[in-house]
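[1] Dropping a prediction and its sequence here:
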Amino acid sequence: MPASAGVAIGAVAGLVIGLSVADGREALPDAQESGLNQDIIDQAVETCGLDTEGYTVLDGGAAIELDTEGKDFLDSGTSNLTSYYCMLNQLGVPETTQQKIGRTRALDGTQSDTWDSLKASWSYHPDSGVNVLIEGAN
C-alpha cells in the first residue's frame with residue numbers, strides 16, 4: 001500500500017510540473033540574476049496564490065522556505081501543490097532541480113543544488129512533507 005501511495009504522489013507531482021511548464025510561465029528574471037528579495041517573493045506569491053501556510057520569508061526577503069503538508073495531523077504546510085510548483089517556477093528553480101526534489105526519499109536526508117545566484121536545500125518525509133529553502137548562493 002505505501003508503494004502505491006508514493007507512485008500516486010509522484011504521478012500527481014509530475015502532472016503538476018508538466019502543466020506548470022506547459023502553460024508558459026517563466027521565472028522572474030531578477031530571481032535568477034540577483035538572488036532573492038522581498039519584491040520578488042511577493043510577486044511570486046501573488047502570481048501563484050500560495051497560502052501563508054506554504055511559505056516563510058527569512059532574512060528580510062533574502063530567503064524563502066516552501067513547505068508542503070505532510071500526513072502528520074500537527075503538520076502545517078500547503079496542500080495546494082499547483083501553487084507550490086508555481087512558486088518553484090517563479091523563483092527560477094530549474095526543472096532538473098525540481099526533479100531532484102520530487103525524487104528525494106525520507107532516507108536521503110537534506111539535499112541541495114545551486115544554479116545562477118541561488119541555492120536550494122530540501123528534505124522530505126511523509127509526515128512533514130517537502131521543505132525547500134531557497135537562498136542566495138553566496
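    Noted; the coordinates are in hand. Residues are numbered from 1 along each chain as shown.
[2] wouldn't L88 be in contact with L66 here?
    Yes - with contact defined as CB atoms under 8 Å, L88 counts as touching L66 (7.3 Å). All C-beta atoms are positioned from the backbone trio N, CA, C, and that covers glycine.
[3] Quick check: neighbours shared by these two?
    Residues touching both L88 and L66 (CB atoms under 8 Å, 6 or more residues apart in numbering) are V132.
[4] neighbour-wise, which of the two wins?
    Comparing L88 with L66 by other CB atoms under 10 Å, the one with more neighbours is L66, at 26 against 23.
[5] tell me the contacts of V45?
    V45 touches Y55, M87, counting by CB under 8 Å, 6+ apart.
[6] separation between it and D108?
    V45 sits 28 Å away from D108, going by CB to CB, to the nearest Å.
[7] same question, P94
    Counting by CB to CB, the gap from P94 to D108 is 19 Å.
[8] Looking at the two, which is more packed in?
    Applying other CB under 10 Å to P94 and D108 shows that P94 carries more neighbours, namely 17 against 12.
[9] you'd agree that one is up against W115?
    Yes - with contacts counted by CB under 8 Å, P94 reaches W115, the gap being 5.4 Å.
[10] show me where this structure has strands.
    55-58, 63-67, 111-115, 118-125, 129-136 (DSSP state E).
[11] List the buried residues for the third one?
    Spelled out, that is strand 111-115. Across strand 111-115, burial judged by 16 or more other CB atoms under 10 Å covers Q111, D113.
[12] Kindly report the same for the shortest one.
    By neighbour count, with 16+ other CB under 10 Å as the criterion, the buried positions of strand 55-58 are Y55.
[13] And the last one, by the same measure?
    The neighbour-count criterion (16+ other CB under 10 Å) identifies G129, V130, N131, V132, L133, I134, E135 as the buried residues of strand 129-136.
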